[in-house]
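Undergrad: this one's sequence-less:
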């Protein structure tokens with residue numbers, strides 16, 4: 001979907017996507033799915049899960065060709081991590 005065809009602002013898409021994830025998607029998955037990516041159509045609440053954003057979006061777009069997509073990585077606060085982390089960090 002191009003920027004000209006968007007139905008929602010980026011902020012609205014993020015808000016709707018996070019709300020749908022918490023209400024609809026998250027209860028469906030357990031820790032075995034940690035790290036997988038969910039692509040959510042914020043209009044229809046349809047979603048698909050994949051190993052990465054491309055995989056999840058390809059599956060979702062096959063079902064919802066005009067989807068306005070928000071991505072969430074299961075078990076993480078963000079889809080991608082930017083920057084490094086301290087060598088002393090214990091994880």
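TA: Yes, it's here. These numbers come from a predicted model, not from an experiment. Numbering: from 1, shown residues only.
Undergrad: okay, helices next: where are they in this structure?
TA: Defined through DSSP state H, the helices belonging to the chain, from first to last, are 10-20, 53-63.
Undergrad: can you check which of those helices gets nearest to residue 40?
TA: The closest of the helices of the chain to residue 40 is helix 10-20. By CB to CB, the value is 5.1 Å. (Each C-beta comes from the backbone N, C-alpha and C, glycine too.)
Undergrad: okay if I get the helices of the chain as a markdown table plus mean pLDDT and mean neighbour count?
TA: Converted to a markdown table, the helices of the chain look like this (pLDDT from 0 to 100; neighbours: other CB atoms under 10 Å):
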| stretch | mean pLDDT | mean neighbour count |
| --- | --- | --- |
| helix 10-20 | 95 | 15 |
| helix 53-63 | 98 | 16 |
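Undergrad: out of these, nearest to residue 32?
TA: Proximity to residue 32 (CB to CB) singles out helix 53-63 among these, at 16.6 Å.
Undergrad: which residue packs closest to residue 33, ignoring adjacent ones?
TA: Closest residue to residue 33 apart from its sequence neighbours, by CB to CB, 6 or more residues apart in numbering: residue 74 at 4.9 Å.
Undergrad: quick revisit: possible to save the helices of the chain as a markdown table with distance to residue 37?
TA: Output for the helices of the chain, formatted as a markdown table (distance: least, CB to CB, whole Å):
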| stretch | distance to residue 37 |
| --- | --- |
| helix 10-20 | 12 |
| helix 53-63 | 5 |
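Undergrad: residue 43: which of the ones you listed is closest?
TA: Nearest to residue 43 among the helices of the chain is helix 10-20 (8.3 Å), distances taken as CB to CB.
Undergrad: and that closest one, what does it pack against?
TA: Helix 10-20 is packed against strand 69-73, with contacts defined by 3 or more CB pairs under 8 Å, 6 or more residues apart in numbering; DSSP states H and E.
Undergrad: what about the strand it packs on, distance to the chain center?
TA: In terms of CA atoms, centre = their mean, to the nearest Å, the centre of strand 69-73 is found 1 Å from the chain centre.
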